[in-house]
Structure formats: C-alpha cells, structure tokens
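Participant: output the structure for:
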Amino acid sequence: MALLRTRAVRHYDSFGSRVFDVLNVVLLLALAAVTILPLLYILAGSFATESEIDTRPFFLWPEQVATDAYEFMFATDTFVRALLTTVGVTLVGTLVQVGLTLTMAYPLAKRQLPGRVLILNLIIFTLVFSGGMIPTYLVVRSLGLLDSYWALILPLAVNPFYLLIVKSFFQELPEALEEAARIDGCNELGVFRRIVLPLSKPVIATFSLFYAVGIWNDYMSPLLYINDERKWTLQVLVRQLTAPNADSANMLGQQSTVFFPEQGLKFAVIVLATLPILLVYPFLQKHFAKGVLIGSVKE
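Facilitator: Here you go, the predicted structure:
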C-alpha cells in the first residue's frame, strides 16, 4: 500500500505532470484574459472622455474619470423607459416561466399520470423540431400580442429542456415525504407547496437565473413583435445605439446640435445592459453549482 502511494506521489511530481499543470494554467489565464480584457476596456471607456476614446485605441484605466455618459443617459427618457421595461419584463417573465415549468414538471414526474408518455414525447419532439420564425410570428399576431409585452414572455414561456431536467429532479425526491404529507391531510397542491417547493430551492434558483438571463438578453423577440419605439427593451436600444452610422441623438430624443458623449454613451449603455445580470450571480451562487447538475443524471 505504501509502495503504491509512493509511486502515485512520484507520478504526480513527474516532469510531465508539472509541464501539463503549467500549460493548463497558462491556457486558462489566456482564456480569462480574452474574456475579461474587453469588458474592462468597455468599463474604462464608459468613464473616459470623448477625446481619450478617440486618441487611445486601448486602455484599462481612463486618464481622466468622467461620468458625462451616465449622467446624459439617465437624463433621457428613452433610456430610462427601456431600462424599466426590460426590468419589468424580466421579473414578470421569470415568474411566469418558472411557475409554468414547475407546475408542469411536477405532475409529469408522477408515473401514474394518464397520458404521461404521450406528453413527454410531444415535449421531446419540440426539442428536435420547431415551428420556425414565420409561423411563430403568425401565431403571435393572430393572438393579438403584437406590440404587447406578453409577446416577449408567452412564446417562450416553457423551455422543454429545462422542463425535462426539473421533472427528473422531482422524480428523485423521496416519495415517503409526500406520502407522510398526504397522511397528515395535505392534498396534491399542499404537498407541492409545503414539501416539494422547499426542497427545490437549488433547481428553482438555477432555472430562475437561466430564464432571467434569457429574457434580459433577448433581442429577436422585441425586434420581431414590438413596433412601438416607446416599448423597446434595453437590448434593442443597445443595438440601435451601437449600430454603424446610428443617429444616437435622435434616438434619445436630443437635438443633433447639442454635444453629447457619443462614444462614451455606447460604452455606458453596454455596461448597464450587462451589469444587472452579473450582480445577480453572487446571490445565487450557493444554489447554482448544485442546481445546474441535479436531476440531470437519473430518469
């Protein structure tokens, strides 16, 4: 036993293993730099002056800290309205999507449910085939949802992949707990609310984050279904402001003769479109690592 342990230590301390560790660290640091440096540049550029952005091709710290872009942005009704719209749609959409996913996954986790196999096959079918952009648009239009915030929520209300994972998670819960609750007088709704949901905090936190990120970053849905500029979400506004030859002053309701930090404004709006989601991760981190894997192994 001691001989095997000694050989394992020698193998770990071998030259090849050390070289592999060094190369692995270098590769991961390079990938981290490729990911982080552009974000740091955008953040620094949002606090830089227009002249510095024009003269310095790349920097991670501005020579002169300026908040003109943020002050200008929050002083415009267009940006504030787009931000509030995105926050509202994300909150309501996440509640709707998580609620529908949980309430649909729970009965499908019961093997005695009539028609369960057929419903699961239909759900799996949607993972392989979808109606496409044009049929979906026609359905949304026929339901009278165009230029409605519900058009950003209901067409993507249930993600079939997330649904199957949550269903598998519910199947792993001990049936003895549910049986004990039923003996104590709970009906199915009571069992779901008092037993299942408290035990499902990791998976609820994880898929709430997934749904929220999906809604927050959604660009195609508002582009297809929202024609009223006053109902633009933040992602559409970001795209319009950062597009080549974009008339940023006109989009933000400002006179073109008034000077404003055009380049800094583009950086600032990207920062504010990314920052809220980044701030959510630390609060859900303790549930995220567990919830992202749970329910993905067993049937």
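Participant: was I right about residue 219 contacting residue 236?
Facilitator: Yes. Counting by C-beta atoms under 8 Å, residue 236 is a contact partner of residue 219 at 6.5 Å. Where you see a C-beta, it was placed from the backbone N, CA and C, and this is true even at glycine.
Participant: looking at those two, which is more packed in?
Facilitator: residue 236 (21 against 13; other C-beta atoms under 10 Å).
Participant: who's in contact with the more buried one?
Facilitator: Residues in contact with residue 236, defined by C-beta atoms under 8 Å, 6 or more residues apart in numbering, are 82, 219, 222-223, 226.
Participant: let me see the domain layout of the protein.
Facilitator: 2-66, 77-291 (automatic domain parsing).
Participant: all helices for the stretch 1-150 of the chain, in order.
Facilitator: 2-12, 15-46, 50-55, 68-74, 77-108, 116-128, 133-142 (DSSP state H, counting those that start in this stretch).
Participant: need those helices in JSON lines (columns: mean neighbour count).
Facilitator: Putting the helices of the stretch 1-150 of the chain into JSON lines (neighbours: other C-beta atoms under 10 Å) gives the following:
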{"stretch": "helix 2-12", "mean neighbour count": "9"}
{"stretch": "helix 15-46", "mean neighbour count": "12"}
{"stretch": "helix 50-55", "mean neighbour count": "14"}
{"stretch": "helix 68-74", "mean neighbour count": "18"}
{"stretch": "helix 77-108", "mean neighbour count": "18"}
{"stretch": "helix 116-128", "mean neighbour count": "12"}
{"stretch": "helix 133-142", "mean neighbour count": "12"}
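Participant: ranking these by mean pLDDT, which is last?
Facilitator: With a mean of 50, helix 2-12 has the lowest mean pLDDT of the helices of the stretch 1-150 of the chain.
Participant: apart from its neighbours in sequence, what residue is nearest residue 178?
Facilitator: In space, and not counting its chain neighbours, residue 178 is closest to residue 191: 5.1 Å by C-beta to C-beta, 6 or more residues apart in numbering.
Participant: so the one you found, which of the three states?
Facilitator: helix (DSSP: H, G, I helix; E, B strand; the rest coil).
Participant: contacting residues for it?
Facilitator: 178, 181-182.
Participant: please indicate which of the residues you listed are buried?
Facilitator: Buried subset of the contacts of residue 191 (neighbour count, 16 or more other C-beta atoms under 10 Å): 178, 181.
Participant: would you list the contacts of residue 191 in TSV and tack on pLDDT, secondary structure and distance to residue 48?
Facilitator: As requested, those are exported to TSV (pLDDT from 0 to 100; DSSP: H, G, I helix; E, B strand; the rest coil; distance: C-beta to C-beta, whole Å):
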residue	pLDDT	secondary structure	distance to residue 48
178	80	helix	58
181	80	helix	59
182	82	helix	63
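Participant: present the contacts of residue 191 as CSV; the columns should include distance to residue 212.
Facilitator: CSV is the format used below for the contacts of residue 191 (distance: C-beta to C-beta, whole Å):
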residue, distance to residue 212
178, 29
181, 30
182, 34
